[in-house]
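The sequence isn't on hand, but the structure is:
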């Protein structure tokens, strides 16, 4: 049903002869170099797809030694000793091996081409079985409204609908979703057009070592529905016309460091296949083996295996989008890896009225950098469930794909920009750009504004324009409105979606300066201002302070 990418991904070799839950005898081996390699950086077409090479050329990125596959001589030497190679990483110059021969393992550090060895599992693992359970976020039933359905809120909050109205829906952009499984994605209604139009380019399961990703966990399916869903009147994704790689790296039945190796292999696979964007709604701080746990001091962007790899992915021109994590209410409270990586776009969560949601993991990184970078709607986000129903869920797992999809639309509109320039535009468009914090980072992006920061003109979805000042306000504020009709309606809504102010004003002139009074009794907080005139309306966020 899906169109497979016809490239030999020589940089990645998978010999998954054992399933992840079977045996604990797994080790990460680092090699000293890439000598005796069968490939050269002067012939990248032998190990990278044309699209991967063009991504580098378009962004002025050189082919480097870490693009080369791991030395086949080293891998073959390990095999000849009776070791099973589970996967390899060209970026990290490493391999994951399996062996029950402890005497052999103890001698590996004496081999000249082995730099170091790390055990990825404890001596024993409690037996677990695969299950097709939903992720930890919870869900509620949802009703339909408007053309986007209720998914319109999570898109219009970021002015993503304006990108769509201008014809940018992700066409020509490839997004790799690296997650825990895509249960029933091949038969659920939100993805009908995805498969009819051959937009799923490839799939791979880095846990089990096969291409079947539709019978595992449903978390990735829900994430995918936020980007690619297409049920008019119910759910429209942020980039429903993009192409996709569906890659499984997470084993929900256990939590061990080997899942970082799986993720790195998936990211390299995506790179070699020519992906533009990686969405990863995964994060790591604690493992089933406490000796593998991370501390806050390791959240510096350079200490963890997965964060270093995420930065390497970014150095290849890939826009890496990562959920901040759901530990804001936890004793830990901080972001997780790879959200701490300095070149990734880390996404926190807000509710439908732009308010910070307390579960959203916070910054800063241990070395003091702003994280998350931006935020999107991660509370009561509209998604598809395993039965095909449209529901709502909570988590930064669901705010990240909103950003990933709209970033694809923005990049489609601005194809000459680099991944880091796209990130910069997204940050600059956000509502807290001049005053970033450790809850929302630079704030909630405005993707129409991001596009208009360049020379690309974007048409808006209303006949009039408004400016609000001061914002934040304390007692009252003014609205400057242009191109309006005879009557204008002003409404304010609080974070509970309750209308707290309503006024209809006669506006005979095409341009008016309106004073909004009698609101000094409102409590401090975030409000949505809705201005309606004629057949058009605009919504803006306003903040009341003491």
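Here it is on my side, so go on. Quantities reported herein were computed from a predicted structural model and do not represent experimental measurements.

Surely residue 53 is within a helix?
Yes. With DSSP: H, G, I helix; E, B strand; the rest coil as the criterion, residue 53 is part of a helix.

And the pLDDT for it?
The predicted structure scores residue 53 at 98 on the pLDDT scale.

The closest residue to it other than its chain neighbours and residue 55, how far apart?
The shortest distance from residue 53 to any residue other than its chain neighbours is 5.5 Å, reached at residue 44 (Cβ to Cβ, 6 or more residues apart in numbering). C-beta: built from backbone N, CA, C; applies to glycine. Applying Cβ to Cβ, to the nearest Å, the value for residue 44 to residue 55 is 11 Å.

Same question for residue 388.
Remark: distance between residue 388 and residue 55 (Cβ to Cβ) = 35 Å.

ok, these two, which is more surrounded?
Using other Cβ atoms under 10 Å as the criterion, residue 388 and residue 55 rank with residue 55 on top: 22 against 14.

which ones are touching the more buried one?
Remark: with contacts taken as Cβ atoms under 8 Å, 6 or more residues apart in numbering, residue 55 is in contact with 61, 274, 276, 316-318.

how far away is the nearest residue to residue 440 once chain neighbours are set aside from residue 303?
Among residues not flanking residue 440 along the chain, residue 375 sits closest, at 4.3 Å (Cβ to Cβ, 6+ apart). Spatial separation of residue 375 from residue 303 under the definition Cβ to Cβ is 25 Å.

what about the protein, any weak spots by pLDDT?
Residues of the chain meeting the criterion pLDDT under 70: 1-24, 121-146, 455-464, 485, 495-497, 509-511, 535.

Would you map out the domains in it?
If the domains of the chain are taken from automatic domain parsing, they occupy 26-119, 139-452, 465-544, with pieces of a single domain joined by a plus sign.

how much space between residue 413 and residue 443?
Between residue 413 and residue 443 the distance is 21 Å, computed by Cβ to Cβ.

can you give me the helices for this protein?
Counting by DSSP state H, the chain forms helices over residues 50-58, 72-80, 102-107, 151-156, 160-165, 192-196, 219-228, 258-273, 305-315, 396-413, 419-429, 447-452, given from the N-terminal end onward.

Which neighbouring elements make contact with the third one?
Going back to what we said before, that points to helix 102-107. Here helix 102-107 touches no other helix or strand, going by 3 or more Cβ pairs under 8 Å, 6 or more residues apart in numbering; DSSP states H and E.

Mind listing what's buried along it?
Within helix 102-107, the residues scored as buried using 16 or more other Cβ atoms under 10 Å are residue 105.

how far is it from where the chain is centred?
Here the centre of mass of C-alpha atoms in helix 102-107, compared against the chain's by Cα atoms, centre = their mean, to the nearest Å, lies 40 Å away.

Give me the contact list for it.
25, 27, 81-83, 99, 117.

so which of these comes closest to residue 525?
Top of the list for closeness to residue 525, among these and by Cβ to Cβ, is residue 27 at 52.4 Å.

Let me know how buried that closest one is, in neighbour terms.
The local packing count at residue 27 equals 19, with neighbours defined by other Cβ under 10 Å.

rewinding a little: quick one: closest of the helices of the chain to residue 287.
Among the helices of the chain, helix 258-273 sits nearest to residue 287 (Cβ to Cβ), with 8.7 Å.

ok and the closest one relative to helix 50-58, angle-wise?
80 degrees (axes from the mean of the first three to the mean of the last three Cα atoms, to 10 degrees).

what's the neighbour count on residue 85?
Here the neighbour count serves as a burial measure; for residue 85 (other Cβ under 10 Å) it reads 20.

got the contact list for residue 275?
The neighbourhood of residue 275, defined by Cβ under 8 Å, 6+ apart, consists of 174-176, 245, 318.

before we move on, back to that, number of residues surrounding the residue nearest to residue 53?
For residue 44, the tally of surrounding residues (other Cβ under 10 Å) stands at 18.

repeat for the one 4 residues further on
Residue neighbour count, defined by other Cβ under 10 Å, stands at 25 for residue 48.

Tell me the spatial nearest neighbour of it, not counting adjacent residues.
Going by Cβ to Cβ, 6+ apart, residue 48 has residue 272 as its nearest residue, at 5.6 Å.

one step back: buried among the contacts of helix 102-107? Make that a ChimeraX selection.
Here is the ChimeraX command that picks out the buried ones among these, judged by 16+ other Cβ under 10 Å:
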select :25,27,83,99,117
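
sorry, back to before: who wins for proximity to residue 33 among the helices of the chain?
Comparison of the helices of the chain against residue 33 by Cβ to Cβ identifies helix 72-80 as nearest, at 9.0 Å.

which strands and helices sit next to the closest one?
strand 84-89, strand 94-98.

and if we set it to 6 Å?
With contacts defined as 3 or more Cβ pairs under 6 Å, 6 or more residues apart in numbering; DSSP states H and E, there are no secondary structure elements packing on helix 72-80.
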